[in-house]
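> this one's sequence-less:
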């Protein structure tokens, strides 16, 4: 698990060097982000690990976990992220950096029947984040 988390964390650290004033990371996603199945998800989910990695660089960094177990990116999926409270919270927290980890649950057959909408729904989610948080750059 640590090796799978290390690469995104290292990429984010590089991004941090580019955006030194940034202090809030919003981790948007499904059960992987939420930390489902992890005995101590509050300390061992990837957002919690990322916070521990960033803290030595600047104690002002905060990483918030907006993961929802079972959430789909697809608007027509069985549990669309956009209909969850975490979606609204992630948009209104004014993050400096957003990490999106959605798509795993979209691959279930009952959801993947809508695969033709996957890319457009993903682009719409990114646009939604940009509209609500103008400071975020691609």
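Thanks, I have the structure now. Just so we're clear, the structure is a prediction, and the values are computed from it rather than from any experiment. Numbering: from 1, shown residues only.
> only C-alpha atoms from now on, for both contacts and neighbour counts.
OK.
> strands of this protein, start to end?
Here the chain has its strands, by DSSP state E, at 24-29, 62-67, 97-101.
> just the buried residues of the last one, please?
By neighbour count, and taking 16 or more other CA atoms under 10 Å as the criterion, the buried residues in strand 97-101 are 97, 98, 99, 100, 101.
> confidence score at the residue nearest to residue 94 when sequence neighbours are not counted?
Distances taken as CA to CA, 6 or more residues apart in numbering place residue 133 nearest to residue 94, at 5.9 Å, with adjacent residues excluded. pLDDT for residue 133: 74.
> and residue 9, by the same measure?
On pLDDT, residue 9 comes in at 56.
> what do you get for the one 10 residues further on?
Residue-level confidence at residue 19 comes out at 50, pLDDT.
> same question, the one 5 residues further on
Each residue has a pLDDT score; the one for residue 24 is 93.
> that one contacts residue 59, correct?
No. Using CA atoms under 8 Å, residue 24 makes no contact with residue 59, being 11.2 Å away.
> so which of the two has more stuff around it?
With neighbours defined as other CA atoms under 10 Å, residue 24 and residue 59 compare such that residue 24 has more, 18 against 11.
> now the most centrally placed residue in the chain: how far from residue 55?
Centroid-nearest residue in the chain: residue 28, 2.5 Å away (criterion: CA atoms, centre = their mean). Per CA to CA, to the nearest Å, residue 28 is found 20 Å from residue 55.
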